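Asks: 3D, please:
(chains A and B, ligands or ions: 2)
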Amino acid sequence: MVVKKICMMGAFAVGKTSLVRRFVHSIFSESYQTTIGVMISKKKLTLAEQEFELIIWDLEGRDEFTDFRSSYLRGVSGVIFVVDVTRPHTLTVVRQLREEVRNHIGEIPALILLNKADLADQWRLDAATLELLEDEGCTLLHTSAKTGANVEEGFLALLRSMTA
Amino acid sequence: MGMLVLECKPGPVFTALNRIPDWFLQIHSAPLGADSVLDVAAIFPFIAHFIEDAEVFWRNPVEARLGSGIWTELDEQGNQHQLEAYALQYQNSRILLLVDLTASFDARHHVYQRAREIALAQERLVMSLQRQQRKLQLQIQGLLARDESLHAIAERVRQHASAVMVCRPDGSVELLNQALMDIYPVSGNNGTRAEHSLLKQWVNEAEALYPEIHRVIETGASWEGEFESSAGSDKKWVRLLIGPVLDQEQRVTHLVCVANDISGLREPAIELERVTDYDFTTQLPNRRHFWRVLTRAIDECRASGEKLVLLYLDVDHFKRINDSLDHQAGDLLLGTLSSRLRSNIKKTDFIAHLGGDEFALMLRTSQRTLDLLPVAERLLKVVRQPLVVDGHNVSITASLGIACFPEHGNDAVGLMKRADLAMYHAKQRGRDQHLMFSRSLDEAFFNRTVIQKDLGNALSGGELRLVYQPQICLGANSFLRLEALLRWHHPVRGLISPAVFVPVAEESDLINQIGNWVLEEACRQARQFMDRNIQVVMSVNVSARQLRAGDFVQRVQQVLADTGLDPSQLELEVTETTLLDNMETRAESLQQLQELGVSIALDDFGSGFSSLNYLKNLPVDRLKIDQVFIQEIPHDEESKTITASVVKLAHELHMTVVAEGVETWDQLRFLQGIGCDYVQGFLLFRPLPPEEIGAVFASLASLRFDS
Ligand SMILES: Nc1nc2c(ncn2[C@@H]2O[C@H](COP(=O)(O)OP(=O)(O)OP(=O)(O)O)[C@@H](O)[C@H]2O)c(=O)[nH]1
Ligand SMILES: [Mg+2]
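Replies: Ligands and ions are numbered 1, 2, ... in the order given. Predicted coordinates for the structure are as follows:
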């Protein structure tokens, strides 16, 4: 079995923990319980007849109260950046985080999840910025931790790009 | 709780050096390997990761220990555990500690949770504002496009909550509404000039953050953004939307500008905290905010080896002052106090209003020893400065408790508790002073609980006694005045001072029982003296609780009847504090007591509320000047002046004056000189057991003070 470490990153309250809980335990909760420090979960997956264990580091949300602990990135094989589609600011945060990750460990497989896609009526992201990101070669995926849409696909997509 | 201590041998192999704590078993219940080997790196990927840092540390331990940072694990029940690991070296062994911080984590979690919820709410507000602005701008654009008259448009937006300005591309104003003038007070004699330059001002101000703004506007596109803007002498954060109105040839004819003051919503991080976590009375951070800052600062100081000092300030008798003023005046007082405090600390120091009359200050320093005395003195001094609120002269004092990190506590909760405890003891020692926490205070605190327990038995066990301190008349009077003072002979701990146990008793109903006992015992004793032809007036202290009890007057009446003491030979001593919680009702009770023939003395006069005015309306026969003034005599001119004027004023109001705490002949001579009526103090007599009073009475006839 191959063990891979991945990190969930993004602004606070974008749904990082919710995505992990959906993926690992198939549950969702409407109530917001902010994460402090790191929460680590494990999940076994099979891809192309190969067994993997994902060690998922759910990092606390980025805000003005927390600093970026670059040591958490050590040994990471891939990063999932999470954006809340109802909050334009969270996209800015992800762009900053991408920069920081790149500066610390260079190019690694990454994925941007546009989460809370179930709240399409409250969509507030700037289309031009998204296009820019796609142009830069980012993979964007619309997900919902609430409905489960694309959640498993997201993690699998990252795993695929990590093993490619 | 409890921690897991592991030794790390090359491999790495971890062996447990102590019993596996319960929390660990909740997370991971598998049994220990042979020889207490525990594969923590496999159990906790976080540890596997941390070991790499720990290895570096063990090879070269530059600090005492290395912390991993906090991480969260779910136990088998699904509960969250907040854990932290520490690497340290102990006698050449590599030690790894695992600690479960969950219990102490609640407060911190709460703080973060709230902070993030608030930030989320702010974000939502800004977004909804954005929608409103766009809507309004579109409406106005539509009206302009349909050639609606400017007057009609002005009418539509006149009362709108968003600021509106319609101008020509050169900035000349066509219309603006009230909300705009609320943000930008039209200055001076020539308003139009100011308005004229507003567009330019905005563009210049926004440029720093949005360099593209010129281009966007010139090309006839709409622009929106948030920036800091000068409004009169103020700086405000403004959210601005500028939308062009184009004619058929696609030329810009007008610019529709919609602005809102969002200083409250979208200031930089620090400022944002200001609005959400600030106290509006004092304009200071509130308790929640302070908690966060303190927690973070302690973490930082722990890492950097800095020292941190926490000062906890509580206004003395605030309730009483506050009650005597109206609500707004109380707020004003706090506001003034806060700005005084703030202007007396360094910019880098931190002050918060914790609520009510409590303030906390946090100072950080890299100096090993910081001389706190001048700081504390300075703060108390600014509090003491006289204040006029609502036409009243108010003088306030405060008590200050000090605790230092890391000596007195190594987390926020511990430190706050210690500073609070020190403050409490500063109050106990007479207020208007500061006190640094010391271990003995903790002991004193422990004592309190013991006292509370034993005091219950003291009364029934006959451990309480009264002693009597004579008050000597400086004029001619054949009555010996005695103040009844309480003593507690604890069977194990010996004599316990009333200064120690009365405050404890005052926290419960015990003070009532004790107070009643004192009253009865003093009256009984006075009656006995009279029976032996020793003419006395017995003075008895009455607590606030006793006076508050509805039946106090009847009780006094009953005691007098039971003992057969003439009411004129009983005097009740109340303090200002006792009265001020409900002046009218208290005055009424005192009046009734006076009507019985009992006289009333006001104790500790001068130490608290400064206004002498209310004295006129109080049924008081005697004033007892606080000993703090007497002690300063004859060196301190101010105390002399105060004492002299209190005597004068009392006489004008037909009251007599007792000076307490007289210890020197100089003091006695001064008091005699200003016509003080009675003196009491160690210079003359200590408190005496009843057996000795007879001799005092006999000897007094021959005493002369005019030597
Ligand atoms: N409607 C909707 N709500 C979601 C979704 N994902 C998360 N949420 C909600 O968003 C809030 C935040 O979710 P979390 O998963 O705690 O966010 P987080 O990114 O882990 O937050 P931090 O730990 O504070 O950084 C919660 O109230 C969730 O119920 C989603 O896909 N749709
Ligand atoms: Mg989370």
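Asks: what parts of chain A come near ligand 2?
Replies: Residues of chain A lying near ligand 2 by C-beta under 5 Å from the ion: A:16, A:17, A:35. For glycine as for every other residue, the C-beta is placed from the backbone atoms N, C-alpha and C.
Asks: helix or strand for the residue of the stretch 151-300 of chain B found nearest ligand 2, which one?
Replies: Scanning the stretch 151-300 of chain B for the residue nearest ligand 2 gives residue B:292, at 18.4 Å (criterion: C-beta to the ion). Here residue B:292, judged by DSSP states H and E, is contained in helix B:287-304.
Asks: which is the next helix or strand following the host helix or strand of residue B:243?
Replies: Residue B:243 is located in strand B:234-246, with elements delineated by DSSP H and E. Beyond strand B:234-246 on the C-terminal side, the first helix or strand identified by DSSP H and E is strand B:252-261.
Asks: packing partners of that next one?
Replies: Using 3 or more C-beta pairs under 8 Å, 6 or more residues apart in numbering or on different chains; DSSP states H and E as the contact definition, the elements that strand B:252-261 packs against are helix B:102-145, strand B:163-167, helix B:178-183, helix B:191-207, strand B:234-246.
Asks: within the sheet, what are the partner strands of the last one, with directions?
Replies: In this case it means strand B:234-246. When pairing is defined by DSSP bridges, strand B:234-246 lines up against strand B:223-231 (antiparallel), strand B:252-261 (antiparallel).
Asks: identify each buried residue in the helix holding residue B:292, please.
Replies: Judged by neighbour count using 16 or more other C-beta atoms under 10 Å in any protein chain shown, the buried positions of helix B:287-304 are B:287, B:288, B:289, B:290, B:291, B:292, B:293, B:294, B:295, B:297, B:298, B:301.
Asks: excluding its backbone neighbours, what's nearest the last one?
Replies: Nearest-residue entry for residue B:301: residue B:308, 4.7 Å, with adjacent residues in sequence omitted and distances by C-beta to C-beta, 6 or more residues apart in numbering or on different chains.
Asks: again with the fourth one
Replies: Counting by C-beta to C-beta, 6+ apart, residue B:352 is the residue found nearest to residue B:290 once chain neighbours are left out, at 3.4 Å.
Asks: between helix B:287-304 and the helix or strand containing that neighbour, find me the angle.
Replies: Assessed by DSSP H and E, residue B:352 sits inside strand B:350-355. An angle of 140 degrees separates the directions of strand B:350-355 and helix B:287-304 when computed by axes from the mean of the first three to the mean of the last three C-alpha atoms, to 10 degrees.
Asks: buried stuff in strand B:350-355?
Replies: When neighbours are counted by 16+ other C-beta under 10 Å, the buried residues of strand B:350-355 are found to be B:350, B:351, B:352, B:353, B:354.
Asks: repeat that for stretch B:568-587.
Replies: Going through stretch B:568-587 with 16+ other C-beta under 10 Å, the ones that come out buried are B:569-580, B:586-587.
Asks: which ones among those residues are found in helices?
Replies: Secondary structure assignment by DSSP state H places B:576, B:577, B:578, B:579, B:580, B:586, B:587 of those in helices.
Asks: so the first one makes contact with residue B:602?
Replies: Yes: distance between residue B:576 and residue B:602: 6.6 Å, which falls inside the contact criterion (C-beta atoms under 8 Å).
Asks: for the strand or helix carrying residue B:374, C-alpha coordinates in PDB please.
Replies: In the assignment (DSSP H and E), residue B:374 maps to helix B:372-384. What follows is the C-alpha trace of helix B:372-384 in PDB, where atoms were taken according to Å, rounded to 0.1, in the frame of the first residue of the first chain:
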ATOM      1  CA  LEU B 372       6.500  48.200  37.400                       C
ATOM      2  CA  LEU B 373       6.200  50.500  40.400                       C
ATOM      3  CA  PRO B 374       6.300  53.700  38.400                       C
ATOM      4  CA  VAL B 375       3.900  52.300  35.800                       C
ATOM      5  CA  ALA B 376       1.400  51.200  38.500                       C
ATOM      6  CA  GLU B 377       1.700  54.500  40.400                       C
ATOM      7  CA  ARG B 378       1.300  56.500  37.200                       C
ATOM      8  CA  LEU B 379      -1.900  54.600  36.300                       C
ATOM      9  CA  LEU B 380      -3.400  55.000  39.700                       C
ATOM     10  CA  LYS B 381      -2.500  58.700  39.700                       C
ATOM     11  CA  VAL B 382      -4.300  59.400  36.400                       C
ATOM     12  CA  VAL B 383      -7.400  57.600  37.800                       C
ATOM     13  CA  ARG B 384      -7.300  59.800  40.900                       C
END
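Asks: residues in contact with stretch B:63-81?
Replies: Outside of stretch B:63-81, the residues that reach it under the criterion C-beta atoms under 8 Å, 6 or more residues apart in numbering or on different chains are A:35-41, A:69, B:23, B:26-27, B:29, B:44, B:46-47, B:50, B:53-54, B:57, B:82-88, B:100-102, B:105.
Asks: the same query, at a cut-off of 6 Å, please.
Replies: Outside of stretch B:63-81, the residues within contact range by C-beta atoms under 6 Å, 6 or more residues apart in numbering or on different chains are A:37-39, B:26-27, B:46, B:50, B:57, B:82-88, B:100, B:102.
Asks: just stretch A:79-93 next, same as before
Replies: Taking contacts as C-beta under 6 Å, 6+ apart, the residues outside stretch A:79-93 that touch it are A:7-11, A:14, A:16, A:62, A:94, A:101, A:110-116, A:119, A:122-125, A:129, B:123.
Asks: list the buried residues of it.
Replies: Counting neighbours by 16+ other C-beta under 10 Å, one finds that the buried residues in stretch A:79-93 are A:79-88, A:90-91, A:93.
Asks: quick check: end-to-end length of that stretch?
Replies: Criterion C-alpha to C-alpha, to the nearest Å; first-to-last residue distance in stretch A:79-93 is 14 Å.
Asks: in PDB, list the C-alpha atoms belonging to the helix or strand in which residue B:319 is found.
Replies: Secondary structure assignment for residue B:319, by DSSP H and E: helix B:318-324. Presented in PDB, the C-alpha positions along helix B:318-324 are these (Å, rounded to 0.1, in the frame of the first residue of the first chain):
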ATOM      1  CA  PHE B 318     -17.800  52.100  41.200                       C
ATOM      2  CA  LYS B 319     -21.300  50.900  41.800                       C
ATOM      3  CA  ARG B 320     -21.900  53.600  44.300                       C
ATOM      4  CA  ILE B 321     -20.500  56.300  42.100                       C
ATOM      5  CA  ASN B 322     -22.400  55.000  39.200                       C
ATOM      6  CA  ASP B 323     -25.700  54.900  41.100                       C
ATOM      7  CA  SER B 324     -25.200  58.400  42.200                       C
END
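Asks: no more questions from me, cheers.
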